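Enquirer: sharing a model prediction with you, sequence too.
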Amino acid sequence: MFDKLIGNDPIKASLRRLIKKDHLPHSALFVGRNGIGKKQFALELARAFVCSKSDRDGSCEKCSSCIRASKFNLPTSGKKEDYERVQFSEHPDVGVVIPNKQTIYIDAIRNLELEANFRPYEAQARVFIIDEAEKMSPQASNALLKNLEEPQKTTYIFLVTSRPASLLSTIRSRCQTIRFAPIDTNELETFLFKERNIPSGDSNLIAHLAEGSVGDALNIDLESFVERRKKIFEVLECLIWQHNYSNLLAAAEELTDAKNKDRYIDNLKILQSLIRDLWTLSQNNSSVHLTNIDLVNSLKSLASKARSTSLQIWLDEIETLKKNLNFNLNRKIATDALFMKMAG
């Protein structure tokens, strides 16, 4: 059980004990940054309950029940009606609720409430996973509370989130919180090299860039990333060395160009990682904890000219911008304003 999942060994041991002793909480909150395997842990627990060959020792991953519980046909249409219900796997006792973009609808939670009252069709229990639970509407959150207050003995509900503070305090108080840590860089590098056959040098760099997220590591197109980062690094050079406003506005325009629409958030994250590296170097000149390890010399040169107080302010400004994006902010105007504030 959990053998194919990397990282968080203490949580693996704890969950194995809880399963073995039949002490697993009926409502649990899986908390941690995106891409570190929270949902996969929840699905593994679900398979432990439906496995036809297991005796509370976890899933065998080979029987018909385990295989069916792993197969989902999730909607991608974006049509509201397709997301207003529990999405069941090929096994009738394992279902997930997923958001449509930024929203989990109340009807999906109401459908979960209905399904959670049924006894298992085949397995020892029914398991429901609410993915990106922070995206529940206020109405959906309130609808979920009844299930959490009066859980059925044969029903388990696992909420997966990277932003637990966005959930109602009443929901958090009714769930046992399980906190997942980022994957160790060396462990992630080994996984990429041995399991995904990524060359050693690239594995090392990707493992650092992913900052503990196996999901991010697997999705990084290194060639494209390096090219985009080069342009963003030039923005920092302009801010720290040149103070050329026209170049900054040109960079802002390219960042918000329609062709870069889907990469806007990722590009902001690249900018953040570079600034964090500069701040780290400005504090102790040590490269041990850098993310962009292949740019050590360039970063050190730039850090020698940067003011650490300004770097901290820049990070705060970027974080504020990312939060404001939830309110249909005009990205072009917001990015222009960000760069002008950074230019000071």
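Expert: Perfect, I can see it now.

Enquirer: what's the helix or strand for the residue lying closest to residue 289 once chain neighbours are set aside?
Expert: Using C-beta to C-beta, 6 or more residues apart in numbering and skipping residues adjacent in sequence, the residue nearest residue 289 is residue 280, 5.8 Å away. In this view, the C-beta of every residue, glycine as well, is placed from N, C-alpha and C. Using DSSP states H and E, residue 280 falls within helix 264-284.

Enquirer: show me how far that helix is from its chain's centre.
Expert: Its chain's C-alpha centre and that of helix 264-284 lie 19 Å apart, by C-alpha atoms, centre = their mean, to the nearest Å.

Enquirer: quick one: contacts of it?
Expert: The contact list for helix 264-284 (C-beta atoms under 8 Å, 6 or more residues apart in numbering) reads 209, 211, 225, 228-229, 232-233, 235-236, 255-256, 260, 286-287, 289-292, 295, 299-300, 302-303, 306-308, 311-312, 314-315, 318-319, 321-322, 325, 331.

Enquirer: how does it look with 7 Å?
Expert: 228-229, 232-233, 236, 255-256, 260, 289-292, 299-300, 302-303, 306, 308, 311-312, 314-315, 318, 322, 331 (C-beta atoms under 7 Å, 6 or more residues apart in numbering).

Enquirer: any quick ChimeraX command for the buried ones out of those residues?
Expert: Only the buried entries of these go into this ChimeraX selection, using 16 or more other C-beta atoms under 10 Å:
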select :228,229,232,233,236,255,256,290,291,292,299,300,302,303,306,311,314,315,318,331
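
Enquirer: just the ones of the contacts of helix 264-284 in helices?
Expert: Per DSSP state H, helices hold the following members of those: 228-229, 232-233, 236, 255, 299-300, 302-303, 308, 311-312, 314-315, 318, 322, 331.

Enquirer: for residue 230, see how far away the residue nearest to residue 289 is.
Expert: 20 Å (C-beta to C-beta, to the nearest Å).

Enquirer: strands of this structure, start to end?
Expert: 27-31, 87-88, 94-97, 126-130, 155-161, 176-179 (DSSP state E).

Enquirer: for residue 78, phi and psi?
Expert: phi 80, psi 0 (degrees, to the nearest 10).

Enquirer: so how far is residue 329 from it?
Expert: 21 Å.

Enquirer: next: residue 340.
Expert: 16 Å.

Enquirer: domain parsing for the protein?
Expert: Domain segmentation of the chain under automatic domain parsing yields 9-179, 221-343.

Enquirer: burial-wise, tell me which of the ones you listed comes out on top.
Expert: Highest mean neighbour count of these: domain 9-179, a mean of 18 (counted as mean count of other C-beta atoms under 10 Å).

Enquirer: now do the same end-to-end measure for that domain.
Expert: 12 Å (C-alpha to C-alpha, to the nearest Å).

Enquirer: could you tell me the least trusted of the domains of the chain?
Expert: Among those, domain 221-343 has the lowest mean pLDDT, at a mean of 87.

Enquirer: can you give me the end-to-end span of that domain?
Expert: Per C-alpha to C-alpha, the first residue of domain 221-343 is 30 Å away from its last.

Enquirer: and it, how far out from the chain's middle?
Expert: 21 Å.

Enquirer: ok, now which ones touch residue 71?
Expert: 89-90.

Enquirer: how far away is it from residue 115?
Expert: When residue 71 is compared with residue 115 (using C-beta to C-beta), they lie 18 Å apart.

Enquirer: what's the closest non-adjacent residue to residue 308?
Expert: With sequence-adjacent residues excluded and distances taken as C-beta to C-beta, 6+ apart, residue 308 is closest to residue 282, at 4.3 Å.

Enquirer: just residue 184 next, same as before
Expert: residue 7 (6.5 Å).

Enquirer: before we move on, what about residue 111?
Expert: Counting by C-beta to C-beta, 6+ apart, the residue nearest residue 111 is residue 85, at 4.4 Å.

Enquirer: same deal with residue 60?
Expert: Going by C-beta to C-beta, 6+ apart, residue 60 has residue 53 as its nearest residue, at 4.6 Å.

Enquirer: what's the answer for residue 222, then?
Expert: Once flanking residues are discounted, residue 222 sits nearest to residue 202: 5.8 Å by C-beta to C-beta, 6+ apart.

Enquirer: my guess is that neighbour contacts residue 220. True?
Expert: No: look at residue 202 against residue 220 with C-beta atoms under 7 Å: they stay out of range, at 9.4 Å.

Enquirer: is residue 177 bridged to anything, and to what?
Expert: residue 29 (DSSP bridges).

Enquirer: the helices in the stretch 101-250 of the chain, which residues?
Expert: Using DSSP state H, counting those that start in this stretch, the helices of the stretch 101-250 of the chain run over 106-116, 138-149, 169-173, 185-194, 200-210, 214-219, 222-237, 245-255.

Enquirer: which one of those helices lies nearest to residue 23?
Expert: helix 138-149 (17.7 Å; C-beta to C-beta).

Enquirer: which other residues reach the closest one?
Expert: So helix 138-149 is in contact with 27, 104-106, 108-110, 113, 116, 136, 157, 168, 170-171, 174-175, going by C-beta under 7 Å, 6+ apart.
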